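[1] Give me a 3D structure for the following:
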Amino acid sequence: MASKRSDAKQNREHLLAVARAMARNGEVPSFNELAKKAEVGVGTVYRHFADQQALLAGLVEEQLEDFRALIEHAVANEDASAALEELFRGAVELVVHRPLVAKVLAQSKDEFRATEAKVEAVVARAKKAKVLRADVGVSDFRRLVCGIELAARVGPQPREAAQRYVEIVLAGLLL
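    From the prediction side, this is the model:
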């Protein structure tokens, strides 16, 4: 039994490695393309991933852990302004460097719900400290992060553009 589990885990890791190599600019390969490139049957892909969203989540598991750690660090930071800036800058940097994470955050209600309360705590604390505009909410935060990632990818030098856009947005958000 343990060998079947071990084989299944190896198959999943192989599929994820192939899918990562195929993923370009935030695009997840179709199951048929993945099966062909991984040299397995499409049924094997479906056994490991129920749908494209499950494959996408598998591709970004580690990066989502980085995002969660970033949130935890911001929650622990007692300086409301610094915590909010750190979280916003870190989230933008993560999604610009890892476009698939942006796709998960933009599309996955489950992932958003899993982090929403903690991000809301950082946002609420910044509002209470009067360092953040009162009309900014957690959904604005998520949309702005994803929006900057999208805007930065449109032109050349996305990382530099993202840094510039972060400065512009923070200047409008912070008091």
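[2] Now do the lowest-mean-pLDDT helix or strand in the chain: which elements does it pack against?
    When each helix and strand of the chain is scored by mean pLDDT, DSSP states H and E, helix 99-107 comes last, with a mean of 80. If you count contacts as 3 or more C-beta pairs under 8 Å, 6 or more residues apart in numbering; DSSP states H and E, helix 99-107 packs onto helix 52-59, helix 61-76, helix 80-97, helix 109-128, helix 138-154. Backbone N, C-alpha and C define where each C-beta goes, glycine included.
[3] Try it again at 6 Å.
    Judged by 3 or more C-beta pairs under 6 Å, 6 or more residues apart in numbering; DSSP states H and E, the packing partners of helix 99-107 are helix 80-97, helix 138-154.
[4] Ranking those helices by mean neighbour count, which comes first?
    With neighbours defined as mean count of other C-beta atoms under 10 Å, these peak in mean count at helix 80-97, which reaches a mean of 21.
[5] how many degrees apart are that one and helix 109-128 in direction?
    150 degrees (axes from the mean of the first three to the mean of the last three C-alpha atoms, to 10 degrees).
[6] just checking, what packs against helix 80-97?
    Applying 3+ C-beta pairs under 6 Å, 6+ apart, one finds that helix 80-97 contacts helix 61-76, helix 99-107, helix 109-128, helix 138-154, helix 158-173.
[7] so which of the ones you listed gets nearest G90?
    Closest approach to G90 among those (C-beta to C-beta): helix 61-76, 4.4 Å.
[8] Let me see the residues that make contact with that closest one.
    Contact with helix 61-76 is made by 83, 86-87, 90, 94, 98, 101, 115, 118, 121-122, as judged by C-beta atoms under 6 Å, 6 or more residues apart in numbering.
[9] With distance to G172 added, can I get those in TSV?
    Shown next, in TSV, are the contacts of helix 61-76 (distance: C-beta to C-beta, whole Å):
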residue	distance to G172
A83	18
E86	18
L87	16
G90	19
L94	21
R98	25
V101	24
T115	23
K118	23
A121	22
V122	18
